[in-house]
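> Generate coordinates for the sequence data below:
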Amino acid sequence: MARRDGRLVLIRVIMLALAVYALGTVFTLKAQIKAKRQELDDLNIQVQTYEEANDSLREQLQNGLTNEDISELARTKLNYAEPGERVFVDTSSR
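Numbers count the residues shown, from 1 in each chain. Prediction:
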């Protein structure tokens, strides 16, 4: 009879250990799912931002560059100036 009681106690301990392990796994997986959902939300926001930027660029391509756009690009990227325009360069920050 004592041997049978020992087996029952052993089975109960094993079942309890498995239950604790299962609960720990469930909570760990819930935390991982929450983190992945947050990551998915962040990526969806990033995708939306990129799609808006792409739409804006697509619209600019369809409309073409205006003379103002070309003039602004020449000033900012190529350091060009209009005839008669003076350009001042700040050298104090060097």
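> Okay, helices next: where are they in this structure?
Along the chain, the stretches classed as helices by DSSP state H are 2-63, 67-78.
> Take those and write them to JSON lines, including mean pLDDT, distance to residue 92 and mean neighbour count.
From N, CA and C alone the C-beta is placed, and that goes for glycine too. JSON lines is the format used below for the helices of the chain (pLDDT from 0 to 100; distance: least, Cβ to Cβ, whole Å; neighbours: other Cβ atoms under 10 Å):
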{"stretch": "helix 2-63", "mean pLDDT": "94", "distance to residue 92": "35", "mean neighbour count": "10"}
{"stretch": "helix 67-78", "mean pLDDT": "86", "distance to residue 92": "21", "mean neighbour count": "10"}
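> wait, which of those helices is closest to residue 88?
For the helices of the chain, the distance to residue 88 is smallest for helix 67-78, at 13.0 Å, taking Cβ to Cβ.
> chain center to that closest one, what's the gap?
Its chain's C-alpha centre and that of helix 67-78 lie 33 Å apart, by Cα atoms, centre = their mean, to the nearest Å.
> What of stretch 75-88?
That offset, for stretch 75-88, works out to 39 Å (Cα atoms, centre = their mean).
> same thing with stretch 57-64?
27 Å.
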